[in-house]
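Visitor: predicted model, plus sequence, below.
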Amino acid sequence: MRALRLALAQINPSVGDIAGNVRLIRSALGQARRVHADLVVFPELTITGYPAQDLLLKPRFIDENKRAIAEAAKSCVGVVSVVGYVEQGAVVKRSAESPLGAAPDRYELYNAAAILADGRHVCSSHKRVLRQDGIHDEGRYFLPGQAGPLIDLHGATVGVTIGEDIGSWERSESVQAQVIVNIGASPFFIGKRRLHEQALAACAKENGAFVAFVNLLGGQDELVFDGNSVIVDRNGIVVARARAFEEDLLVVDLDVEEKAPGRLAGGRVHASPEGNDRAVERVAVEAPDFAGVRSPIVSRVESEPGDLEEVYRALVLGVKDYVGKNRFTNVVIGLSGGIDSALTAAIAVDAVGSEHVVGICMPSPYTSKESVEDAVELSNRLAVACMMIPITPLFEAYRRSLAQVFQETQTDQTEENLQARIRGTILMAFSNKFGHLVLTTGNKSETGVGYATLYGDMAGGFAVIKDVPKTMVYELARLRNRMADVPVIPQRVLDRPPSAELKPNQKDEDSLPPYSILDPILRAYVEEDRSIEDIVAQGFDRETVVRVAGLVDRSEYKRRQAPIGVKITPRSFGKEWRMPITNGYRHSGS
């Protein structure tokens, strides 16, 4: 029995850049042909990028997607491929006249996988199980479809699934398939890879088939697709794994055993598995037989990075693609001398290069000498430009201008926030003048409880560590230091107690619980939806839990105005957090 040479094309498409995505497909097909692959599999919705959101409501966009899959088919000569795209079905709403003229027809849309061979589009398979959760809204755009035919290629029978369909693959189909390919667009969060591989292994063992999963790669707004494409054998053992957070072409030879009805002579036939009345369509695909001219390939199993390394690499990729895909070249960061801006700067350097990062240190009357020294030292170690713009003259000018209005009031948080807003104005002015993207430096702990200033430290275009709890910020900083021959983040930055330095002798713990207590409470309340009673039962002080929950609830209006940032936890303050701002509900005890 000849081996089936399978190639998983883990590529980085861009949402909406249909022509560019077709070029990526052609490039990967060229690589696959050079190694004599029989079948090349691309991720879910490769043609359009994922998630395309309301671009899918534009008829012209769907038409361009249809033309693109036809163009991609022309490149499939000498190789068979599976490519994710949008298939248009029947008209569901005819055009109607409006004050703006005739509205376009609306069609049924399916999340589909096209099987391309011999320069043509042979057939398609539709996604049946649509994702409908915090970050996915596929039911808004697609209808659940029908499974496509089993593909017969060089004596091997291949089933094609999309995303969550792998969990509902019918026994009547899989009993005939030696290989089940699953094209996906699975975004990263901590621990996701292990959960996903467990599901793939269960499918492989249940169906006695190889399971090959190909994932998207790249950043798309707040989502990062980590790659980690994988192939598991019939026993659920990983036999090949692609690189994480990098484009890759994973090629493996699968020794499949021929099953009845064997290879088809051509065209389509129906075979009904024993004990099941449902006929399963099969289609034979012709392709060159390279078995006699190619050398065997040794399966490649890339190492599994630890959770912390995965998070860091996700943050780097998220920044890199947000900057690049939105056509920015340079970024600017406010360097405070603290841990959050230090980590953000290190991530930015790893994402776009030190020559494209500018730091601005903006000391106030309350900024310590150590903070200024640490900001300068950090910029030197990272080899980034550092500008010094003291804000004391601006701060005093504001105070003088407001003195009459505020004459009978006490100094309070208003004056603290003025400093943050002056810094935000400087950063945005720099961005306007030079076209740099402002990267904000707030973490999840601060964002959660509203320990941030609207139009101040929240002002910017991309919030790099928005979903990173403060305790993890320190862990990531130490990890980044271990990655370098010389630590890039000064030890004093790691050792000093965190402080916003907006008033004399200020410390974060003057206003907040210690982060070692705050972060697990936030995780339980935000990510796990635990009640106050549940969290108290875990051993936390009731008064502290009630206070934290109240801060989270009252800070929703701030979070709604914050820039997007990379999702790394199971539930971020992004698409999957949809709380009303005007909200009269109070949790028990709060």
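Guide: Cool, got the structure.

Visitor: and whichever helix or strand Arg33 is part of, how far out from the chain's middle?
Guide: Assigned by DSSP states H and E, Arg33 falls within helix 18-34. Centroid separation for helix 18-34 versus its chain: 22 Å, with C-alpha atoms, centre = their mean, to the nearest Å.

Visitor: and that helix, what does it pack against?
Guide: If contacts are counted by 3 or more C-beta pairs under 8 Å, 6 or more residues apart in numbering; DSSP states H and E, helix 18-34 sits against strand 4-10, strand 39-41, helix 59-74, strand 80-93, strand 248-254. C-beta coordinates here come from the backbone N, C-alpha and C atoms, glycine included.

Visitor: make JSON lines from the ones you listed and add mean pLDDT, distance to Phe540 and mean neighbour count to it.
Guide: Formatted as JSON lines, the helices and strands packed on helix 18-34 follow (pLDDT from 0 to 100; distance: least, C-beta to C-beta, whole Å; neighbours: other C-beta atoms under 10 Å):
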{"stretch": "strand 4-10", "mean pLDDT": "96", "distance to Phe540": "42", "mean neighbour count": "27"}
{"stretch": "strand 39-41", "mean pLDDT": "97", "distance to Phe540": "47", "mean neighbour count": "27"}
{"stretch": "helix 59-74", "mean pLDDT": "96", "distance to Phe540": "49", "mean neighbour count": "17"}
{"stretch": "strand 80-93", "mean pLDDT": "89", "distance to Phe540": "45", "mean neighbour count": "19"}
{"stretch": "strand 248-254", "mean pLDDT": "96", "distance to Phe540": "43", "mean neighbour count": "21"}
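
Visitor: secondary structure class of Ile521, three-state.
Guide: helix (DSSP: H, G, I helix; E, B strand; the rest coil).

Visitor: residues contacting Cys76?
Guide: For Cys76, the contacting residues are 29, 116-120, by C-beta atoms under 8 Å, 6 or more residues apart in numbering.

Visitor: can you tell me which of those residues has the most neighbours?
Guide: Ranked by neighbour count (other C-beta atoms under 10 Å), the contacts of Cys76 have Leu116 at the top, with 28 neighbours.

Visitor: and the pLDDT for Val293?
Guide: As predicted, Val293 sits at a pLDDT of 79.

Visitor: surely it meets Arg2?
Guide: No - counting by C-beta atoms under 8 Å, Val293 stays clear of Arg2, with 11.9 Å between them.

Visitor: kindly tell me how buried the closest residue to Ile183 other than its chain neighbours is, as a neighbour count.
Guide: In this structure, Ile183 finds its nearest non-sequential neighbour in Glu44, 4.7 Å apart by C-beta to C-beta, 6 or more residues apart in numbering. Close neighbours of Glu44, defined as other C-beta under 10 Å, add up to 25.

Visitor: give me the mean pLDDT for the helix holding Arg33.
Guide: For helix 18-34, the per-residue pLDDT values average out at 97.

Visitor: swap in stretch 378-392?
Guide: On average, the pLDDT along stretch 378-392 is 98.

Visitor: and stretch 543-561, by the same measure?
Guide: Rounded mean pLDDT across stretch 543-561 is 96.

Visitor: still on that earlier bit, distance to Asp165 for the helices and strands packed on helix 18-34 - can I get that in JSON lines?
Guide: Output for these, formatted as JSON lines (distance: least, C-beta to C-beta, whole Å):
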{"stretch": "strand 4-10", "distance to Asp165": "17"}
{"stretch": "strand 39-41", "distance to Asp165": "14"}
{"stretch": "helix 59-74", "distance to Asp165": "19"}
{"stretch": "strand 80-93", "distance to Asp165": "12"}
{"stretch": "strand 248-254", "distance to Asp165": "20"}
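
Visitor: before we move on, the earlier item: quick check, the residue nearest to Ile183 in contact with Gly163.
Guide: Yes - counting by C-beta under 8 Å, Glu44 touches Gly163, with 5.8 Å between them.

Visitor: list residues touching both of the two?
Guide: Overlap between the contact sets of Glu44 and Gly163, as judged by C-beta under 8 Å, 6+ apart, is given by 111, 127, 183-185.

Visitor: in helices, which of the residues you listed appear?
Guide: Of the shared contacts of Glu44 and Gly163, none are assigned to helices by DSSP state H.

Visitor: coming back round to it: angle of the helix holding Arg33 against strand 4-10?
Guide: Per axes from the mean of the first three to the mean of the last three C-alpha atoms, to 10 degrees, the angle that helix 18-34 makes with strand 4-10 is 150 degrees.

Visitor: residues contacting helix 18-34, please?
Guide: Applying C-beta under 8 Å, 6+ apart, the external contacts of helix 18-34 come out as 7, 9, 11-14, 40, 42, 46-49, 61, 64-65, 68, 71-72, 75-76, 78-79, 81, 83, 249, 251.

Visitor: looking at Val293 and Arg2, which is more packed in?
Guide: It is Arg2, of Val293 and Arg2, that has more neighbours when counted by other C-beta under 10 Å, with 16 against 8.

Visitor: Gly155 is in contact with the more buried one, correct?
Guide: Yes - with contact defined as C-beta under 8 Å, Arg2 counts as touching Gly155 (7.0 Å).

Visitor: so the residue lying closest to Ile151 once chain neighbours are set aside is in which element?
Guide: With sequence-adjacent residues excluded and distances taken as C-beta to C-beta, 6+ apart, Ile151 is closest to Val158, at 4.3 Å. For Val158, the enclosing helix or strand under DSSP H and E is strand 156-162.

Visitor: for that strand, packing partners?
Guide: Secondary-structure packing of strand 156-162 (3+ C-beta pairs under 8 Å, 6+ apart): strand 106-117, strand 120-126, strand 150-153, strand 179-183.

Visitor: Ser379: which of those strands is closest?
Guide: Of all the helices and strands packed on strand 156-162, strand 179-183 sits nearest to Ser379, with 43.6 Å by C-beta to C-beta.

Visitor: give me the contacts around that closest one.
Guide: Residues outside strand 179-183 that contact it (C-beta under 8 Å, 6+ apart) are 4, 6, 39, 41-44, 82, 84, 113, 156-163, 165-166, 169, 174, 200, 203-204, 207, 209-214, 254, 256.

Visitor: show the average pLDDT along that strand.
Guide: Here strand 179-183 scores 96 as its mean pLDDT.

Visitor: can you list the strands that that strand pairs with?
Guide: strand 156-162 (parallel), strand 210-214 (parallel) (DSSP bridges).

Visitor: want to throw these into TSV with distance to Ser445, mean pLDDT and mean neighbour count?
Guide: Formatted as TSV, these follow (distance: least, C-beta to C-beta, whole Å; pLDDT from 0 to 100; neighbours: other C-beta atoms under 10 Å):
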stretch	distance to Ser445	mean pLDDT	mean neighbour count
strand 156-162	37	94	27
strand 210-214	34	97	28
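
Visitor: what's the domain layout of the protein?
Guide: Segmentation of the chain into domains, based on the TED database, reads 3-94+103-259+281-300, 308-508.

Visitor: for the strands paired with strand 179-183, give me TSV that also has distance to Asn583.
Guide: Below are the strands paired with strand 179-183 laid out as TSV (distance: least, C-beta to C-beta, whole Å):
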stretch	distance to Asn583
strand 156-162	37
strand 210-214	40
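
Visitor: and of those strands, who's closest to Val238?
Guide: strand 210-214 (10.2 Å).

Visitor: restrict whichever helix or strand comes after the closest one to CA atoms and write it as PDB.
Guide: Following strand 210-214 in sequence order, the next helix or strand is strand 217-220 (DSSP H and E). Output in PDB follows, covering the C-alpha atoms of strand 217-220 (Å, rounded to 0.1, in the frame of the first residue of the first chain):
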ATOM      1  CA  LEU A 217      -1.800  31.400  11.800                       C
ATOM      2  CA  GLY A 218      -1.600  35.100  12.700                       C
ATOM      3  CA  GLY A 219      -3.200  38.000  14.500                       C
ATOM      4  CA  GLN A 220      -6.600  39.500  13.600                       C
END
